[in-house]
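Enquirer: Test case, fold it:
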Amino acid sequence: MDKYGTLIAPNTIQFKRLLPGPIERVWAYLTESDKRSKWLASGDMELRVGGEAHLNWLHSNLDAAPSEAPERYKNGHSMTATITRCEPPKVLGYTWGARAEALSEVVFELSEQGEEVLLVLTHHRLPNQNDLLGVSGGWHTHLDILVEHLNGRTSPAFWVKHTGLHAEYKERQGVA
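Expert: Numbers count the residues shown, from 1 in each chain. The predicted structure follows:
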């Protein structure tokens, strides 16, 4: 399974990761604030279509080796999203972005594969090439932290890994 995100449309990227199950455990890491904070962002979610999802990033809370955050992320950042799909424990979707006129959508799909769980993350309707590039290295790095955490290991430093992946995705996506 390729760890890199795959462009499945000009404005859509998809990532796949195989995680240790059971599926309810992985679902909890998508939906419960304390567990989600270990790999992505904390924040409460109203688990119903139309409910709010609060995402509060503080990279120093990630289950990863310490690394110095760029100045603009030192104090973290937040986003409020709207739940677009909620089918426990298999599908979770929510809006993404701070600009109302340019919202995209993230959908997590879980399926059991024996003792493991296939997570498919699809980020749809990214408004432009810059946003596509921006989320590519971020999702890749965050998902790798989730894989390591669920396997009982500490991930490499977020910002070091993210910086390298951003450059790789820039080349892979042909961005000048």
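Enquirer: doesn't Glu105 fall inside a strand?
Expert: Yes - checked against DSSP: H, G, I helix; E, B strand; the rest coil, Glu105 lies within a strand.
Enquirer: mind starting the numbering at 5 from now?
Expert: In the new numbering, first residue 5, that becomes Glu109.
Enquirer: Spatially central residue in the protein, please.
Expert: Trp143 (4.4 Å; CA atoms, centre = their mean).
Enquirer: pull the longest helix from the chain.
Expert: In the chain, with assignment by DSSP state H, the single longest helix is helix 133-154.
Enquirer: what about the closest residue to Ala161 other than its chain neighbours, distance to Leu169?
Expert: In this structure, Ala161 finds its nearest non-sequential neighbour in Ser71, 3.4 Å apart by CB to CB, 6 or more residues apart in numbering. C-beta coordinates here come from the backbone N, C-alpha and C atoms, glycine included. Between Ser71 and Leu169 the computed distance is 13 Å (CB to CB, to the nearest Å).
Enquirer: between the two, who's got more neighbours?
Expert: Set side by side, Ser71 and Leu169 give different neighbour counts by other CB atoms under 10 Å, the larger being at Leu169 (21 against 16).
Enquirer: Return the residues in contact with that one.
Expert: Taking CB atoms under 8 Å, 6 or more residues apart in numbering as the contact definition, Leu169 lies against Ser140, Gly141, His144, Thr145.
Enquirer: how does it look with 10 Å?
Expert: Residues in contact with Leu169 (CB atoms under 10 Å, 6 or more residues apart in numbering) are Lys7, Tyr8, Gly9, Ser140, Gly141, Gly142, Trp143, His144, Thr145, Asp148, Arg176.
Enquirer: Give the buried subset of those as a PyMOL selection command.
Expert: In PyMOL, a selection of the buried entries from the contacts of Leu169 looks like this (16 or more other CB atoms under 10 Å):
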select buried, resi 9+140+141+142+143+144+145+148
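Enquirer: Show me which of the contacts of Leu169 is closest to Glu75.
Expert: Gly142 (17.2 Å; CB to CB).
Enquirer: and the gap between the closest one and Arg52?
Expert: The span separating Gly142 from Arg52 equals 26 Å under the rule CB to CB.
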